[in-house]
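[1] okay, predicted coordinates and the sequence, questions at the end:
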Amino acid sequence: MRARGCVLLAITMLLAACLRVAIGPIGDEGGIRLALGIPSSEIFALRLQGTVSAALLGAALGLSGLALQALLRNPLASPFVLGVSSGAGFGVAAVLALAYTLSIPAVTFGGEVFGAVVGALVTLTLVAWLGRAREGHDPTSLVLSGVIIGAIFSAGTMLLEQLVPHGLRGDLLAWMAGRLPELPSRAAFWTVAASVAVGWSVLRMQALALDVASLSDEESRSSGVNLGALRRHLFLVGGLLAAVAVAYAGPIGFVGLIGPHLARRLVGPSHATLVPATALAGATLLVTADAARQVIDLGTGRLPVGVVTALAGGPAFLWLLRSGRWNR
């Protein structure tokens, strides 16, 4: 089952990637139209870069969701649901607004990535503190805390938008909808790639400890698991991966929630195979969403990928919450 699940995910991602590269707008004498086929070498390289970016970003969000679910022992945890994405977005907006107000480069404050990391970790700390119950974390309290904290930070981001000029305001609005950059900078691309590699390595090395930590604290400690160190690692991996993803493409919802659940259904609960399967599942979901948005044109251009994931992931989240399957 484990091997079949990983193979199925890999094949699905490959098919989605081929579709993403093959479909897209092209120009002709009648204007711009949607076409399916092998593009020219220049367009092929551009689409391939976007496809690889979507795969890396989806893997980052999936692994972040898996780390947060293991950290909080809550299958409903994800960067978007817990408000981590909104907090990271507020950090990015704060850096950009401060840089504009003081007329200095954003890199002075560490750039967008620094703002996103600080915002994500602060949000995760607040949500974990507010959702703490007498015996661990209460799932309902965590979700409600994440929704409220996320709403507060989203409102703060919109407030900061009023402090910047219209040009930057438009960029921030488009970025908040979740968009994959057509031409990402080399530094941003490799930052995401390195973050995914580090996050995957940390989670993979801790696979056995993660299996044991899914039990009670007493059973975990009696098995020799250092819960304090493990939770610090999960805290940093979950927060940093979400922050890097938000700084790269904006808040993209539900990939970090659905990805781990999809992988768990296909390969089972063992983290030795769940970690790579989750990275594959997250990559597959986002590449598929990016391919789907190419065929959706409402007359004002392509939809942001974050809108597509929200339209598909929102009902899936409600179904998980209503059916109780997340608790099995």
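    Noted; the coordinates are in hand. Predicted, not measured: the structure shown is a model, and the values here were computed from it. Numbering: from 1, shown residues only.
[2] my guess is G50 contacts R293. True?
    No. Contact criterion Cβ atoms under 8 Å: G50 and R293 do not qualify, at 11.2 Å. Backbone N, C-alpha and C define where each C-beta goes, glycine included.
[3] tell me the SS of G24?
    Secondary structure, DSSP: H, G, I helix; E, B strand; the rest coil: G24 is strand.
[4] ok, now V225?
    When the rule is three-state DSSP, V225 gets the label coil.
[5] neighbours of it, just the number please.
    V225 sits with 20 neighbouring residues when counted by other Cβ atoms under 10 Å.
[6] so what's the backbone phi/psi at it?
    Dihedral pair for V225: phi -80, psi 130, per degrees, to the nearest 10.
[7] so which residue is smack in the middle of this structure?
    The residue lying closest to the centre of the chain (Cα atoms, centre = their mean) is L61, at 2.8 Å.
[8] which neighbouring elements make contact with whichever helix or strand it is part of?
    Assessed by DSSP states H and E, L61 sits inside helix 41-72. Identification of packing neighbours for helix 41-72 by 3 or more Cβ pairs under 8 Å, 6 or more residues apart in numbering; DSSP states H and E yields helix 2-22, strand 23-28, helix 186-205, helix 227-249, helix 255-267, helix 271-293.
[9] and the angle for that helix with helix 227-249?
    150 degrees (axes from the mean of the first three to the mean of the last three Cα atoms, to 10 degrees).
[10] following element in sequence after helix 41-72, please.
    Following helix 41-72 in sequence, per DSSP H and E, is helix 84-102.
[11] now that following helix and helix 227-249, what's the angle there?
    60 degrees.
[12] quick check: mean pLDDT of helix 84-102?
    The average pLDDT for helix 84-102 rounds to 85.
[13] and if you look at stretch 112-131?
    86.
[14] list the buried ones in that stretch?
    By neighbour count with 16 or more other Cβ atoms under 10 Å, stretch 112-131 contains the buried residues 112-124, 126-128, 131.
[15] repeat that for stretch 177-187.
    For stretch 177-187, by 16+ other Cβ under 10 Å, it's G178, R179, L180, P184.
[16] contacting residues around the nearest residue to the first one once chain neighbours are set aside?
    If I follow you right, that is G178. In this structure, G178 finds its nearest non-sequential neighbour in G306, 1.8 Å apart by Cβ to Cβ, 6 or more residues apart in numbering. The neighbours of G306, taking Cβ atoms under 8 Å, 6 or more residues apart in numbering as the test, are A177, G178, R179, A249, G250, P251, I252, G253.
[17] how about a cut-off of 7 Å?
    For G306, the contact set (Cβ atoms under 7 Å, 6 or more residues apart in numbering) comprises A177, G178, R179, G250, P251, I252, G253.
[18] what's the answer for I252, then?
    I252 touches L61, G178, A245, V305, G306, T309, counting by Cβ under 7 Å, 6+ apart.
[19] could you rerun that using 6 Å?
    G178, G306, T309 (Cβ atoms under 6 Å, 6 or more residues apart in numbering).
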